[in-house]
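Trainee: Based on what follows, work out the 3D shape:
(one chain, ligands or ions: 2)
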Amino acid sequence: MSKTALITGVTGQDGSYLAELLLSKGYRVHGLVRRSSSFNTERIDHIYQGPQEAERRLVLHHADLSDGVALVNLLRDIQPDEVYNLGAQSHVRVSFDAPLYTGDVTGLSTLRLLEAIRASGVETRIYQASSSEMFGSTPPPQNEDTPFHPRSPYGAAKVFAYWTTVNYREAYGMFAVNGILFNHESPRRGETFVTRKITRAVARIKAGLQDRLYLGNLDAVRDWGYAPEYVEAMWRMLQHDEPTDYVVATGVPATVRQFMETAFAHADLDWNEYVRYDPKYERPSEVDALIGDASKARETLGWRPCVLVEELARIMVDADVRQVEDQLAGAAVRIDR
Ligand code: NDP
Ligand code: GDR
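Mentor: Ligands and ions are numbered 1, 2, ... in the order given. I've put the predicted structure just below:
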């Protein structure tokens, strides 16, 4: 019997890779999509199956994480074996501008989902997308025993969601796990996160479409991994016998400046000519350094990262260069007509 999974945040970077992974394993995948006035399914269009298709294995449902009743109904109808809670307002800088909204969607929604599981009576395992941002100002290396000290409304909301998940495991015996994932990127990364902002700008500068890139703090240290490998870790957590929490990281530190240098160098560009500082991109309180120790995931789940930060930067630049070339070719065809 094939398994059934529900993914919240299926239209996001991780949701799209996870949906691909689960489909490749024979799952029937249900995705929660929030209503938008414009299309928001670009990352999953290539695996989309319309309602008319027979044997549909990817089914999308309109719902919002703020709507607890919709979550109960959805769970009762779908009866998933596994739930992956990836939906969130996931931008740290934006969480300072929209703190209450972030607290609601990123924090309280995890509680809504856990309560919806109880209310619907569904027997399911649940993965919570926890974050290295919870460690905040606690110095690296960070592992599962490192104390949390969040530095943003986003980080604080994720701490609430983390402890709520632990509590439902302890109080109700739910198979509920936290994956504490460090930054992970890909060509599908949202365009306003710093890696993608940089690689997209490199591609556009190379094509003559842009001549400036404005950034904030270049000294922040992050541990950047490759998103397709990280969704594999999520899946492994739910296949293990025991529900417990795991750090997922490469253990390799790099500053924003180093990522930027690698990306520009890969396109034979000198970043000094193009990059300028704008304080607008600073945060009221910054997370200086995140470097993960993923020994537990390696030893318990057999999970290991392959793509490290320099290769990651090159993969992302190459993908953005191809995307800009395709856009320009498309525009040329339209002009020809
Ligand atoms: P994205 O921002 O790419 O995706 C977030 C998803 O959540 C999108 O599908 C978005 O929908 C959806 N969403 C936002 N608000 C709501 C809402 N009110 N109701 C329903 N869905 C909503 O994030 P990532 O894929 O990068 O990350 C996945 C999860 O992992 C997030 O929870 C994030 O906080 C967490 N995380 C991410 C890390 C990373 O480095 N990428 C590291 C650690 C944790 P829409 O497409 O319409 O915007
Ligand atoms: P982060 O990712 O905050 O780590 O959260 P982001 O890419 O936004 O920032 C990384 C670092 O780069 C610095 N920075 C800039 N950031 C952005 N976005 N734009 C800029 O112009 C810029 N200039 C410098 C930031 O100050 C920061 O230090 C990501 C998200 O995916 C979260 O959802 C996730 O939980 C964490 O990673 C782990």
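Trainee: Can you show me the helices along the stretch 201-337 of the chain?
Mentor: Secondary structure of the stretch 201-337 of the chain (DSSP state H, counting those that start in this stretch): helices located at 227-239, 256-266, 295-296, 309-336.
Trainee: Output the ones you listed in TSV, with distance to ligand 2 and mean neighbour count appended to each entry.
Mentor: Just so you know, the C-beta spots here come from the backbone N, C-alpha and C atoms, and that holds for glycine as well. TSV is the format used below for these (distance: least, CB to the nearest ligand atom, whole Å; neighbours: other CB atoms under 10 Å):
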stretch	distance to ligand 2	mean neighbour count
helix 227-239	10	21
helix 256-266	5	21
helix 295-296	18	16
helix 309-336	12	15
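Trainee: Make TSV from the ones you listed and add mean pLDDT and distance to Gly9 to it.
Mentor: Compiled in TSV, the helices of the stretch 201-337 of the chain are given as follows (pLDDT from 0 to 100; distance: least, CB to CB, whole Å):
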stretch	mean pLDDT	distance to Gly9
helix 227-239	99	11
helix 256-266	98	24
helix 295-296	98	24
helix 309-336	91	21
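Trainee: mind checking which of these is nearest Leu22?
Mentor: Leu22 lies closest to helix 227-239 among those, at 7.1 Å (CB to CB).
Trainee: Quick one: distance of the closest one to the chain centre.
Mentor: Between the mean C-alpha point of helix 227-239 and the mean C-alpha point of its chain there is a distance of 12 Å (CA atoms, centre = their mean, to the nearest Å).
Trainee: got the contact list for that helix?
Mentor: Here helix 227-239 makes contact (CB atoms under 8 Å, 6 or more residues apart in numbering) with 13-14, 17-18, 21-22, 25, 82, 84, 125, 127, 129, 175, 177, 179, 181, 184-186, 188-189, 246, 248, 297, 301-303, 305-307.
Trainee: do stretch 60-75 as well
Mentor: For stretch 60-75, the external contacting residues (CB under 8 Å, 6+ apart) are 6, 8, 10, 30-35, 41, 44, 48, 83, 87-88, 104-105, 109, 112-113, 115-117, 119-120, 122, 124.
Trainee: List buried residues within those residues.
Mentor: Buried by 16 or more other CB atoms under 10 Å: 6, 8, 10, 30-34, 44, 83, 87-88, 104-105, 109, 112-113, 116-117, 119-120, 122, 124, out of these.
Trainee: Tell me the spacing between the closest residue to Leu209 other than its chain neighbours and Val166.
Mentor: The spatial neighbour of Leu209 that comes closest, neighbours along the chain excluded (CB to CB, 6 or more residues apart in numbering), is Val324 at 6.9 Å. Using CB to CB, to the nearest Å, one gets 44 Å for the distance from Val324 to Val166.
Trainee: Double-check Gly216 against Pro284; I have them as touching.
Mentor: No - in this structure Gly216 lies outside contact range of Pro284 using CB atoms under 8 Å: 11.7 Å.
Trainee: neighbour-wise, which of the two wins?
Mentor: More neighbours sit around Gly216 than around the other of Gly216 and Pro284, counting by other CB atoms under 10 Å; the figures are 16 against 9.
Trainee: Against Ser132, how distant is the more buried one?
Mentor: Computed with CB to CB, the distance linking Gly216 and Ser132 is 19 Å.
Trainee: for ligand 2, what are the nearby residues on this structure?
Mentor: The chain comes close to ligand 2 at residues 90, 92-93, 131-133, 182-183, 192-194, 197, 215-217, 220, 222, 256, 281, 283, 286, as judged by CB under 6 Å from any ligand atom.
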